[in-house]
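Visitor: Provided below are the primary sequence and the corresponding predicted coordinates.
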Amino acid sequence: DIQMTQSPSSMSVSLGDRVTITCRASQDIGNYLSWYQQKPEKSPKLMIYGATNLEDGVPSRFSGSRSGSDYSLTINSLESEDTGIYFCLQHKQYPWTFGGGTKLELK
Amino acid sequence: EVQLVESGGGLVQPGRSLKLSCAASGFTFSNYYMAWVRQAPTKGLEWVASITNSGGSTYYRDSVKGRFTISRDNAKSTLYLQMDSLRSEDTATYYCTRGAYWGQGVMVTVSS
């Protein structure tokens, strides 16, 4: 199975901060990588697909990038609505695997 | 508007069965692969099973292989998850998903 190692597991951030979350894939997954945001008691929301593509309706302060087997989600100028848990997902190969999640909280 | 609405969850004893349904609307259901993803209380997301748009191929995580069956009825725009021989570790909220779209989730609790 492909392991997705996500870091950090939690972050305490301030409004206006630039935030970067990373997932490292244990095998080649190409660009079959998505990022999701989940709010408490809510379903996950797709933010980035294909490693770098912004989902419709997602603010442009969110971006995705790839460097080798490292995939990053960056939030420029954090807003209060961006708090929650972020997960990466690889869907290159079954079983699909998620990262462990990053909990983003305001200081 | 795309909508996915799960139903069929509840409390069930270990070893018993439960069948989840996911009613889809707002898109051509038969054009899309579908999946079930679950989330145990306070835990992360875990992919459970996927099915091709025709239903001709299915895929499962090892821990549910042989116990769970994913299926679909394209005429009814409905996805299913038949869960047999349930275990306590199957306790979770189960989501039906098309990738970009997710249902609201349905809770399954396996307990005596």
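Guide: Looks like it arrived, so ask away.

Visitor: Quick check: bridge partners of the residue nearest the centre of chain A?
Guide: Nearest to the geometric centre of chain A sits residue A:35, at 3.9 Å (C-alpha atoms, centre = their mean). Beta-bridge pairing for residue A:35 (DSSP bridges): residue A:48, residue A:88.

Visitor: Name all residues that make contact with it.
Guide: A:21, A:46, A:47, A:48, A:64, A:73, A:86, A:87, A:88, A:89 (C-beta atoms under 8 Å, 6 or more residues apart in numbering or on different chains). From N, CA and C alone the C-beta is placed, and that goes for glycine too.

Visitor: do residue B:41 as well
Guide: By C-beta under 8 Å, 6+ apart, the contact list for residue B:41 reads B:91, B:92, B:93.

Visitor: hang on, the second one packs against residue B:40?
Guide: Yes: counting by C-beta atoms under 8 Å, residue B:40 is a contact partner of residue B:92 at 4.5 Å.

Visitor: Report the set of residues contacting both of the two.
Guide: Common contacts of residue B:92 and residue B:40 (C-beta under 8 Å, 6+ apart): residue B:46.

Visitor: Which of these two has more residues huddled nearby?
Guide: Per other C-beta atoms under 10 Å in any protein chain shown, whichever of residue B:92 and residue B:40 has more neighbours is residue B:92, with 22 against 13.

Visitor: Look up which helix or strand the nearest residue to that one once chain neighbours are set aside falls in, please.
Guide: The shortest distance from residue B:92 to any non-neighbouring residue, by C-beta to C-beta, 6 or more residues apart in numbering or on different chains, is to residue B:38 (3.9 Å). Assigned by DSSP states H and E, residue B:38 falls within strand B:34-39.

Visitor: Now do that strand: which elements does it pack against?
Guide: Counting contacts by 3 or more C-beta pairs under 8 Å, 6 or more residues apart in numbering or on different chains; DSSP states H and E, strand B:34-39 packs against strand B:18-25, strand B:45-51, strand B:68-73, strand B:78-83, strand B:92-97.
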